[in-house]
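Enquirer: Give me a 3D structure for the following:
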Amino acid sequence: MNEDQQQTSHKWHAIECNNLAWALSEKSERTPTEDAEMLSAAHASAFHWAKVGTETNVARAQMLVAHVSAFLGHGDLAMAAAHECREKLASEDVPDWEAAFIEAIHAHAHYAAGEMERFSKIYAKAAELGAAIAGEEDRKIFEATFNGIPKP
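Expert: Numbers count the residues shown, from 1 in each chain. A predicted model of the protein is given here:
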């Protein structure tokens, strides 16, 4: 396989694993096998984006790792990935939907880590940012994810 084929393969796998992990995260109930698949897919997506993606792709992949890890109760991993995502995207002018996602995933990570005071504050900020998303479709996608995060 030449370098162009490798790059194409990495990108394809990054996207496919990303989509699989997000789809599994949106299920109201998952089996233990689906939980394992969701976590593996999130990490695989991050691995492949690290090979071929932009800084934004890599940061978004960390957002997914944080999201999935929080769902599974892996607080330390969720916090580390959420901080990495936030740190990388903080210097960028991100769209309204992404700013809301960053806060929502960060709140979820604090929840998984048992940091309830920080969770409540960041959750409120995420709700405020989510309500301000201009695009209806973007807001619906955000709400689908946000509704899966426990409420304070």
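Enquirer: element containing the residue nearest to the spatial centre of the chain, please.
Expert: By C-alpha atoms, centre = their mean, the chain has its centre lying nearest to L64, at 2.6 Å. Using DSSP states H and E, L64 sits in helix 55-71.
Enquirer: and what of I133?
Expert: With DSSP H and E as the test, I133 turns up in no helix or strand.
Enquirer: so how far is R60 from the residue lying closest to it once chain neighbours are set aside?
Expert: Leaving aside its chain neighbours, I133 sits nearest to R139 (4.1 Å; criterion: C-beta to C-beta, 6 or more residues apart in numbering). Backbone N, C-alpha and C define where each C-beta goes, glycine included. Separation of R139 from R60 (C-beta to C-beta, to the nearest Å): 18 Å.
Enquirer: For the lengthiest helix in the chain, what is the distance to the chain centroid?
Expert: Ranked by number of residues, the top helix in the chain under DSSP state H is helix 3-25. Offset of helix 3-25 from its chain centre (C-alpha atoms, centre = their mean, to the nearest Å): 15 Å.
Enquirer: buried stuff in that helix?
Expert: Neighbour-count burial for helix 3-25 flags H10, K11, H13, A14, C17, N18, L20, A21, W22, L24, S25 (criterion: 16 or more other C-beta atoms under 10 Å).
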